[in-house]
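Student: Pasting the sequence and the predicted model now:
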Amino acid sequence: MELKEPATQLALVIEAAPEDGVPAQIIRELAYKPLKEMIQLPILAKHLGPLLERHRKSIEILRERSEAKDGVIFFDVSDLDLEGYNKFIPYLLHRECVYSISVSASATRAKVSLGRIHGIRRRRIRIWRRWRRSWRRRAPASGGDLV
């Protein structure tokens, strides 16, 4: 969630910079410069600081405003200027959850979002099945199936 890597910082600026045409302005540089140098380009550096601060604030807001129940995250940020928050933050704050329901607003619209993080449930089921199989192998034969 910290966005410390140059690749994630570059992605943040490309996706959220308020200035039009940022990707077009940096595309040539991407072919010749390492990512560490890319994020130091003036066009990126001027946006990175404010965007990282906005990201940190959105983490704190979602930490305060979100609640989890039965594998679903609920939050309402419609009274705040939080358009464009990272959609993975709620799932990182509530790792046990697979779905999210949120309410947000911008200057032009109100929005109810339903989200799902893919692969989590299947991965948990696979882990549980692996554990169950290994438990059965270790269980005493006379004790029957303990799981």
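Tutor: All right, it came through fine.
Student: Can you tell me the SS state at S100?
Tutor: Recorded secondary structure, S100: strand (DSSP: H, G, I helix; E, B strand; the rest coil).
Student: tell me, what residue is most central in this structure?
Tutor: Nearest to the mean C-alpha position of the chain, by Cα atoms, centre = their mean, lies F88 at 1.7 Å.
Student: Correct me if wrong: it contacts I117.
Tutor: Yes: in this structure, F88 is within contact of I117 by Cβ atoms under 8 Å, at 7.4 Å. Backbone N, C-alpha and C define where each C-beta goes, glycine included.
Student: what are the C-alpha coordinates of the longest helix along the chain, in PDB please?
Tutor: What stands out as the longest helix in the chain, according to DSSP state H, is helix 42-65. Written as PDB, here are the backbone C-alpha positions of helix 42-65 (Å, rounded to 0.1, in the frame of the first residue of the first chain):
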ATOM      1  CA  PRO A  42      10.000  16.900 -14.000                       C
ATOM      2  CA  ILE A  43       6.600  16.000 -15.600                       C
ATOM      3  CA  LEU A  44       6.300  13.000 -13.200                       C
ATOM      4  CA  ALA A  45       8.000  14.500 -10.100                       C
ATOM      5  CA  LYS A  46       5.600  17.400 -10.000                       C
ATOM      6  CA  HIS A  47       2.600  15.100  -9.700                       C
ATOM      7  CA  LEU A  48       4.100  12.300  -7.600                       C
ATOM      8  CA  GLY A  49       4.300  14.000  -4.200                       C
ATOM      9  CA  PRO A  50       0.700  15.200  -4.200                       C
ATOM     10  CA  LEU A  51      -0.600  11.900  -5.500                       C
ATOM     11  CA  LEU A  52       1.300   9.900  -2.900                       C
ATOM     12  CA  GLU A  53      -0.100  12.100  -0.200                       C
ATOM     13  CA  ARG A  54      -3.600  11.700  -1.500                       C
ATOM     14  CA  HIS A  55      -3.000   7.900  -1.600                       C
ATOM     15  CA  ARG A  56      -1.900   7.900   2.100                       C
ATOM     16  CA  LYS A  57      -4.900  10.000   3.100                       C
ATOM     17  CA  SER A  58      -7.300   7.700   1.200                       C
ATOM     18  CA  ILE A  59      -5.800   4.700   3.100                       C
ATOM     19  CA  GLU A  60      -6.500   6.400   6.400                       C
ATOM     20  CA  ILE A  61     -10.000   7.400   5.400                       C
ATOM     21  CA  LEU A  62     -10.800   3.900   4.200                       C
ATOM     22  CA  ARG A  63      -9.400   2.400   7.400                       C
ATOM     23  CA  GLU A  64     -11.700   4.700   9.400                       C
ATOM     24  CA  ARG A  65     -14.800   4.400   7.200                       C
END
